[in-house]
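Asker: Just to be clear, the model below is a prediction. Sequence and coordinates:
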Amino acid sequence: MKINLDTSKKQGKISKYIYGQFAEHLGRCIYEGIYVEDGSVKTINGMRCDVVDALKELEIPVLRWPGGCFADDYHWRDGIGDKSKRPYMVNTNWGGVVENNHFGTHEFFELCDQLGCEPYICGNVGSGTVREMRDWVEYMTFDGDSPLACERRENGREKPWKLKFFGVGNENWGCGGNMRAEYYADEYRRYASFIRDYGDEPIYKIAGGPNEDDAHWMETLMERVGDKAAGISLHNYTYEDDWKNKGKAAQFDEDGYYDLISNALKMDGVISLHKEIMDRFDPERKIGLIVDEWGNWFDVEAGTNPGFLYQQNTMRDALSAMLTLHIFHKHCDRVYMANIAQMVNVLQAMILTDGEKMLLTPTYHLFKMMKGHMDGEKLGVSCDCGEINHRGKKLPKVSVSASERGGAVTVSLCNLSLDSDEETEIVCDRVFSDAKCELMTARSATDTNTFSSPETVVPSSLTLVTEGNSVKLTLPRMSVAVITLS
Ligand code: AHR
């Protein structure tokens, strides 16, 4: 297979925010996974040092919080001030466990500071009030002497925080209030009117967008709130079969593997559908598509709380993550942010923890390998990538994407075939003096990292054969590779 790279053909910027993360008050994501108060692990201001140190390696651009469905049941005032006085609540969406509100606004910004990422807060439309939402924004971002800003100071934060991204509700067609698109559009207009800009930069307001291919929801929002939203969200999860038959994270056969890969590719069609609608109302592509929940969703691991959405993570997850990120690159003229669900211990996580133990998943390694694409200029790529026939459908055998940033070209590619390697040559229109490659593969697509064997699926360096403007490598079956040419 030959891949031609054209560095003279720049196709738009791949927003770094496409590599965003999501952390919800769900299962063991926040408590145990990130925030620990019982002294069992080393922490700084409550944040697990091992987890934060590992996540810093990903250079996370943005983190969405506090939900998810939890966001529309969350009342921010319960999560500020003296921890011993914070009221408890029942996390009705996720297992009915009691939430002590010890991780609140100040703790979230502390986490973002430690990770070096930007915050993205999702407000409560479903069970909150306009006043509650407006006050939260003032509490966080006002520098003057208002009672709310003074209260923030009393709670230990002198200066306002920088907050760019604010979501007006979550899944308001479902857990966020079961609203009709028309009703939500009106609610959005009302809530958004009171989200004031107190800081130097205007808040980037995100309207709660459609689920999967719900064209009516997108059309209604574009028509009715398009002039009042900077972005519109989209949620699109991938299952092995469908919502009712999600499949198992680490026990699947060849059909299960290709079914999941084939379903991951549906993201392309879903984005194209919404792009077409958005383009009709916003031909200049000013409104961002914010895919703020995506990833693989399987049955929970046996023996775990069904409300905690804890699942293992395999080589198959790394492959489908690269495929999806490539789809976001392809649509970088509209997709401005994406947030994989979720960062720790929930769904397609970067990190899994068990008490004081922690492991990095294949998806974590994939995100680390892909960092070079963040804010890169997408490059023209042509290749005859071959095909795989699966249940009458044609899937690409190889997926490839390339970008350039600061003179370095990043090429990511994956071989989706379970049984055949691919001899690959990359030809560039420029000669480079250095070529580096990181490659990750596994003996089986079901291979996972476990607490007793945490390094089963990890990347390693591959020496490349370079000659002039050509780079050659063997791309093993079921592998992901990222090449940096500089
Ligand atoms: O990520 C898990 C849940 O999936 C979120 O809370 C919700 O928004 C979505 O349905």
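Answerer: Nice, I can see it.

Asker: Would you map the strands across the stretch 1-150 of the chain?
Answerer: 2-13, 20-22, 43-44, 47-48, 62-65, 89-91, 97-99, 118-123 (DSSP state E, counting those that start in this stretch).

Asker: quick one: contacts of the second one?
Answerer: Counting by Cβ atoms under 8 Å, 6 or more residues apart in numbering, strand 20-22 makes contact with 55, 58, 60-65, 68, 117, 120, 292-293, 337-343, 350, all of which sit outside it. Every C-beta, even on glycine, is put in place using the N, C-alpha and C of the backbone.

Asker: repeat that for 10 Å
Answerer: 29, 55, 58, 60-65, 67-68, 115, 117-118, 120, 122, 165, 290-295, 337-344, 346-347, 349-350, 367 (Cβ atoms under 10 Å, 6 or more residues apart in numbering).

Asker: Against the ligand, which of those residues make the cut? List them.
Answerer: 67-68, 293, 341-342, 347 (Cβ under 6 Å from any ligand atom).

Asker: Tell me which residues of stretch 52-61 come out buried.
Answerer: Residues 52, 54-55, 58, 60-61 are the ones in stretch 52-61 that count as buried (16 or more other Cβ atoms under 10 Å).

Asker: wait, I meant stretch 362-382
Answerer: Neighbour counts over stretch 362-382 (16+ other Cβ under 10 Å) mark 362-370, 372-379, 381 as buried.

Asker: just so I have it, where are all the helices in the stretch 351-486 of the chain?
Answerer: 362-369 (DSSP state H, counting those that start in this stretch).

Asker: Okay, now the unreliable bits of it?
Answerer: Filtered on pLDDT under 70, the stretch 351-486 of the chain yields no residues whatsoever.

Asker: Can you tell me the closest non-neighbouring residue to the residue in the stretch 1-150 of the chain positioned nearest to the ligand?
Answerer: In the stretch 1-150 of the chain, no residue comes nearer to the ligand than Gly68, which is 2.8 Å away by Cβ to the nearest ligand atom. Spatial nearest neighbour of Gly68, excluding adjacent residues (Cβ to Cβ, 6 or more residues apart in numbering): Glu24 at 3.6 Å.

Asker: The one you found contacts Ala341, doesn't it?
Answerer: Yes - applying Cβ atoms under 10 Å, one finds Glu24 in contact with Ala341, separated by 7.8 Å.

Asker: list residues touching both of the two?
Answerer: Listed contacts common to Glu24 and Ala341 are 64, 68, 293, 309, 347; contacts here mean Cβ under 10 Å, 6+ apart.

Asker: Nearest to Glu138 among those residues?
Answerer: Arg64 (21.0 Å; Cβ to Cβ).

Asker: Isn't that closest one up against Cys122?
Answerer: Yes - with contact defined as Cβ under 10 Å, Arg64 and Cys122 form a contacting pair (6.3 Å).

Asker: Could you name every residue contacting both of the two?
Answerer: With Cβ under 10 Å, 6+ apart, Arg64 and Cys122 have common neighbours 22, 24, 71, 165, 167, 170, 206, 233, 292.

Asker: quick one: the last one and Met337 touch, right?
Answerer: Think Asp292. Yes - contact criterion Cβ under 10 Å: Asp292 and Met337 qualify, at 6.6 Å.

Asker: who's more crowded, these two?
Answerer: Asp292 (28 against 25; other Cβ atoms under 10 Å).

Asker: Next one: the more buried one, what pLDDT does it get?
Answerer: Listed pLDDT for Asp292 reads 98.

Asker: Phi, psi for it please.
Answerer: Backbone torsions for Asp292, taken as degrees, to the nearest 10, come to phi -90, psi 10.

Asker: now it: how far from Arg153?
Answerer: Distance of Asp292 to Arg153, computed by Cβ to Cβ, to the nearest Å: 31 Å.

Asker: Which SSE is immediately downstream of the helix or strand hosting Arg153?
Answerer: According to DSSP states H and E, Arg153 maps onto helix 147-154. Under the assignment DSSP H and E, the closest C-terminal helix or strand after helix 147-154 is strand 165-168.

Asker: Direction included, what does that following strand pair up with?
Answerer: strand 118-123 (parallel), strand 204-207 (parallel) (DSSP bridges).

Asker: any idea of the mean pLDDT for the last one?
Answerer: Looking back up the chat, that one is strand 204-207. 98.

Asker: how about that strand, does it get close to the ligand?
Answerer: No - between strand 204-207 and the ligand, judged by Cβ under 6 Å from any ligand atom, nothing touches; the nearest distance is 13.2 Å.

Asker: Give me the contacts around that strand.
Answerer: Counting by Cβ under 10 Å, 6+ apart, 17, 64, 120, 122-123, 163-170, 172, 184-185, 187-189, 191-192, 195, 197, 221-222, 224-226, 228-233, 287-288, 290, 292, 336-337 sit against strand 204-207.

Asker: Mind checking which of the ones next to the ligand among the contacts of strand 20-22 are in helices?
Answerer: Among those, no member falls in helices (criterion: DSSP state H).

Asker: Now neighbour count and distance to Glu387 too, for the residues you listed, in a markdown table please.
Answerer: Output for these, formatted as a markdown table (neighbours: other Cβ atoms under 10 Å; distance: Cβ to Cβ, whole Å):
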| residue | neighbour count | distance to Glu387 |
| --- | --- | --- |
| Gly67 | 27 | 40 |
| Gly68 | 29 | 37 |
| Glu293 | 25 | 30 |
| Ala341 | 25 | 30 |
| Gln342 | 26 | 33 |
| Leu347 | 28 | 30 |
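
Asker: Can you get me a residue count around the nearest residue to Asp143 once chain neighbours are set aside?
Answerer: Closest residue to Asp143 apart from its sequence neighbours, by Cβ to Cβ, 6+ apart: Pro160 at 5.0 Å. The tally of other residues near Pro160 (other Cβ under 10 Å) stands at 18.

Asker: how about Pro160, what does it touch?
Answerer: Applying Cβ under 10 Å, 6+ apart, the residues contacting Pro160 are 138-144, 149, 152-153, 198-199.

Asker: So what's the residue count around Gly407?
Answerer: 8.

Asker: How about the one 5 residues further on?
Answerer: When neighbours are defined as other Cβ under 10 Å, Ser412 has 24 of them.

Asker: again, but for Ser486
Answerer: 13.

Asker: Would you mind confirming that it is in contact with Gly407?
Answerer: Yes - with contact defined as Cβ under 10 Å, Ser486 reaches Gly407; the gap is 6.4 Å.

Asker: Fine by me, we can end here.
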